[in-house]
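> structure, please.
(chains A and B)
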Protein chains: 2
Amino acid sequence: MSLKWMSLLLLIQVMYCFNAGSCGKVVVLPMEYSHWLNVKIILDELVQRGHEVTVLTSSAAVHVDSGKSSPFKFETFPTPLTTKEFERHFKHSVNIWTYEFPKYSIWKLYSKMQSMFEEHSDVLESLCKYMIFNEKLRKTLQESKFDVLLADPVVPCGELLAELLKIPLVYSLRFFPGNEYEKQCGGLPFPPSYVPVALSELSDRMSFMERVKNMMNVIFFDLYFQTFNEKKWNQFYSEVLGRPTTILELMAKADIWLIRTYWDFDFPRPLLPNFEFVGGLHCKPAKPLPEEMEKFVQSSGDQGVVVFSLGSIVSNLTEERANTIASGLAQIPQKVLWRYEGPKPETLGSNTRLYKWIPQNDLLGHPKTKAFITHGGTNGVYEAIYHGVPMVGIPLFVDQPDNIARMKAKGAAVRLDFTRFSSEELINALKTVINNPFYKENAMKLSRIHHDQPVKPLDRAVFWVEFVMRHKGAKHLRPAVHDLNWFQYHSLDVIGFLLACVATAIFIFTRCCLFCCRKFPKSRKKKRE
Amino acid sequence: MSLKWMSLLLLIQVMYCFNAGSCGKVVVLPMEYSHWLNVKIILDELVQRGHEVTVLTSSAAVHVDSGKSSPFKFETFPTPLTTKEFERHFKHSVNIWTYEFPKYSIWKLYSKMQSMFEEHSDVLESLCKYMIFNEKLRKTLQESKFDVLLADPVVPCGELLAELLKIPLVYSLRFFPGNEYEKQCGGLPFPPSYVPVALSELSDRMSFMERVKNMMNVIFFDLYFQTFNEKKWNQFYSEVLGRPTTILELMAKADIWLIRTYWDFDFPRPLLPNFEFVGGLHCKPAKPLPEEMEKFVQSSGDQGVVVFSLGSIVSNLTEERANTIASGLAQIPQKVLWRYEGPKPETLGSNTRLYKWIPQNDLLGHPKTKAFITHGGTNGVYEAIYHGVPMVGIPLFVDQPDNIARMKAKGAAVRLDFTRFSSEELINALKTVINNPFYKENAMKLSRIHHDQPVKPLDRAVFWVEFVMRHKGAKHLRPAVHDLNWFQYHSLDVIGFLLACVATAIFIFTRCCLFCCRKFPKSRKKKRE
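Presented below is the predicted three-dimensional model:
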């Protein structure tokens, strides 16, 4: 479609939206890095449909940039934290997760994970306070009369702001931080027998010992979040609202949960009507590559190319890791395009080219692409699914091991351990996913599933944001589970009552029998007398 | 759109379907009455899209007619049961449910319901046997190489046939006959604290005693189905397949469950990815009324009209009920269109006209229609929702009381007890839903929700039938719950193991302490010595 036609179509859309009186005002509280890249796709579409989008961000923002060419309005609130410090905080966490965690025993891992969560939570709480206690900003936001707040629950504060502004709330989320959150905020049933808890790297088909591991993870997360993390937030939220409340209570008010997966990626599990699985909403057909890159790709001949990226947050590797990778890549017959900002590894082969940035989606959609070496970020994995490219997963942190575990379980990826794999292992993994048709077939199967949906994920995401604006919420999708406490939810009071009834009936029946037995011998005695 | 254009569009659709090689062969095992009317809409659409539809029906069929003008192929198998007998069986059940059940105490009701279920089950089993053991039919079906079987689980047999023909299975269902079925066939989590069990007439917001009632219903259904109904079917299915199996095991293999409700109608509840809620798929905009009817409707002036129908299965009423209704209707200022085949009631007012058949959807969509008196059949309730018409519900049998309970809970209906209501109560109910804007507003709200979906219910239903044909099933939506037994599903083995571990740890710790205590005094003693 030519640009002219596209502009005309856009104009018609915007005109329609204005005429229908359905143009809305969206305020967004985004998370950084890939989360921002993902939600930005929804925001772009909302702007294209004539809605006004305001992005709330701190002066320490790393990727959420308020560049002049942006189609969004930005409300930037000052914080003493600088961008460099904020970036350092993220990178420090990533480094610990990537290089330290794999060395730890299970108990040390739990304890270190806990202290990392707390540190992260402190940073986010301080940012939240700078936003909430900024009177000028709050006044501006109040006066703006937004129709909906779009937030990422990974950054608490959105639910508090929605409550203060008295507007509906839509979440965009990859995964819940544990069973407790799933059940209480989302109201989701969570059977740990076939739903692997986040960060467990398990599949939906677990052996007995895997189910034990899953249950232990459930207990850890529940205890951790109940004991440490929530208390602080509950206190803060109660102070701000001037009434006792909890973070989970406010999160549970979300009208719609846009989950950034779908059943091509995730394992089928119980959900609720206000959960919309919109994974891969950012995916799109490949555009032509830059000329130089296309030439390099074409030079690969029938062997094709391998695309390699560890995502936007990891720009550098240790010398040892970089050389192990480079020497492995040098020995494969394919050409390799490696997104890497660090110093050129000594062992880099002539078949491998380093790029500070690559058009990842366009490369994955190129017919010459044979495999994708990925850290397993949700966005990247989805681009591979979209284009049906098998993967070698080298997961680093947070949900990445889970994502690769999913792709492995679905037969579309081979997994390597980042801190341990050798050049030979990398070569073998690449040979496997490229030469064994099993992986390509499965990747294509996931691709077919992804493309065969009644409505595209992006359109569904936008539809529900617009729905919430049109109807001032989505109360008809809200399950009554949120009105019950855990005791009532599990019917413990009812079961107790019924057991008491049965016990009383048995007691009365027994007493009656005893009474009759006593009475009966007497009457017989009397008769004998 | 003119007929020419529509035909052209249809031709293009069919051509596309043939070119894409995606035209499929659908075999259907439908249920009678409103179930057939509903599934026929899906079948019509499938035929329009170029698929071949074969309807399997017995020679005793009542409404599933193989008229020459039908766009479907029919495979009719002979049975000694006649159409009249089959019809009598349905009407007899309906009469008992309508006139007898309301008089019974809870225990008698359970026992009578049980014997009715058994009688019904026997009739269906005999029909199933006549179909399955018809060698000629089975050969024809085997040779037809169908791509999918569309069945109504209310008529068992579909799952057995799909297993024999080795083809995917899609169900169209209004509700599960109890908790046991929900959990085992569908794999659905069923929290009885906020999910009302079928036939309970409860809402999702229950008082303590209502939750007790719901739990008792759950226990009744579970016990009944496990103890009586399933055994017979399990034995029959095992005999046919020549291996031990159960009806629930075969039902659980269904690829897609098309549920005939949506969240405008039903209460939000946990679901699974292979459940698609397509309620109201038969609804469409109103067409102009026949001339005589339009004149009568227009003659109502500002007062408007009331539409009254008790559905396709109830053609007659007792004289007393008919007169109570007629005298009530005679006293309202609206004109009334009453679908009624019985003798004209003596008390019929001049404002009321009797019709053997009414274009219900067109009437409900007429701007003069103020209210709908309905027995609460799912199809009729959905037409009222579609057009935003408040209801007076006079539920008679099966799911009708549940349907009206839902409409009542959502503020779009007033309920009357069929065997008991007086003329005054009918008048008051009509006055309430017509004059109190609360009911019209809620009906309109449900209508807005119904119309505001990303894809129309019919298109979604057809999409998933086609998906199953394209992909030879929908395995990616099948939750792993089906691979677990109830012990594993509830993690009882894991909980037992963890408790055993904790007990062992405590035991070892205690023994160590005791050992130390014994050792310690001795060493002290020795020291003293």
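
> what parts of the stretch 401-529 of chain A come near chain B?
Residues of the stretch 401-529 of chain A found near chain B (C-beta under 8 Å from any C-beta of the partner chain) are A:448-449, A:452, A:454-455, A:459-460, A:463-464, A:467, A:470-471, A:476-481, A:483-484, A:488-491, A:493-495, A:497-498. Using the backbone N, CA and C atoms, a C-beta is placed for each residue, glycine as well.

> for the stretch 151-300 of chain A, same thing?
Residues of the stretch 151-300 of chain A lying near chain B (C-beta under 8 Å from any C-beta): A:188-189, A:191-194, A:204-205, A:208, A:211-212, A:215-216, A:263-264, A:267-274, A:277.

> try 7 Å
Contacts of the stretch 151-300 of chain A with chain B, taken as C-beta under 7 Å from any C-beta of the partner chain, map to A:189, A:191-194, A:204-205, A:208, A:211-212, A:215, A:263-264, A:267-273.

> select from the residues you listed every entry located in helices.
A:208, A:211-212, A:215 (DSSP state H).

> ok, for the most centrally placed residue in chain A, nearest residue in space, not its chain neighbours?
For chain A, the residue nearest the mean C-alpha position is A:Arg174 (1.1 Å; C-alpha atoms, centre = their mean). Nearest non-adjacent residue to A:Arg174, counting by C-beta to C-beta, 6 or more residues apart in numbering or on different chains: A:Arg260, 4.7 Å away.

> list the contacts of that neighbour.
A:38, A:172-174, A:278-279, A:378 (C-beta atoms under 7 Å, 6 or more residues apart in numbering or on different chains).

> one more: A:Ala412?
A:390-391, A:439, A:442-443, A:446 are the contacts of A:Ala412 under C-beta under 7 Å, 6+ apart.

> do the same with A:Phe277
A:Phe277 sits in contact with A:259, A:261-262, where contact means C-beta under 7 Å, 6+ apart.

> what's the closest of those to chain B?
Nearest to chain B among these is A:Tyr262, at 8.8 Å by C-beta to the nearest C-beta.

> where does the closest residue in space to that closest one that isn't next to it in sequence land on pLDDT?
Residue nearest to A:Tyr262 in three dimensions, not counting chain neighbours: A:Gly279, with 4.0 Å by C-beta to C-beta, 6+ apart. Listed pLDDT for A:Gly279 reads 97.

> kindly report the same for A:Trp5.
Looking at A:Trp5, the pLDDT reads 59.

> okay, how far is it across stretch A:77-87, tip to tip?
End-to-end distance for stretch A:77-87: 17 Å, by C-alpha to C-alpha, to the nearest Å.

> what are the buried residues along stretch A:468-487?
A:468-471, A:473-474, A:476-481, A:484 (16 or more other C-beta atoms under 10 Å in any protein chain shown).

> in CSV, list the contacts of A:Ala412 along with neighbour count and pLDDT.
Below are the contacts of A:Ala412 laid out as CSV (neighbours: other C-beta atoms under 10 Å in any protein chain shown; pLDDT from 0 to 100):
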residue, neighbour count, pLDDT
A:Pro390, 28, 98
A:Met391, 28, 98
A:Tyr439, 22, 98
A:Asn442, 18, 98
A:Ala443, 25, 98
A:Leu446, 28, 98
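
> heading C-terminal from the one helix or strand in chain A whose mean pLDDT sits lowest, find the next helix or strand.
Between all helices and strands in chain A, the lowest mean by mean pLDDT, DSSP states H and E belongs to helix A:3-19, at a mean of 56. On the C-terminal side of helix A:3-19, the closest following helix or strand by DSSP states H and E is strand A:25-29.

> name the helices or strands packed onto that next one?
helix A:33-48, strand A:52-58, strand A:148-151 (3 or more C-beta pairs under 7 Å, 6 or more residues apart in numbering or on different chains; DSSP states H and E).

> list the contacts of the shortest one.
The set of residues external to strand A:148-151 that reach it, using C-beta under 7 Å, 6+ apart, is A:24, A:26-29, A:39, A:158, A:161-162, A:165, A:167-172, A:465, A:468-469.

> now do the contacts for A:His366.
A:His366 touches A:286, A:289, A:297, counting by C-beta under 7 Å, 6+ apart.

> same thing but at 8 Å, please
Applying C-beta atoms under 8 Å, 6 or more residues apart in numbering or on different chains, we find A:His366 in contact with A:286, A:289, A:297, A:305.

> and if you look at A:Pro401?
Contacts of A:Pro401 by C-beta under 8 Å, 6+ apart are A:199, A:201, A:376, A:395.

> got it, and A:Gly377?
A:34, A:311, A:400, A:403.

> of these, which is the most crowded?
A:Asn403 (28 neighbours; other C-beta atoms under 10 Å in any protein chain shown).

> wait, A:Thr57 sits on A:Ser70?
No: judged on C-beta atoms under 8 Å, A:Thr57 makes no contact with A:Ser70 at a distance of 11.0 Å.
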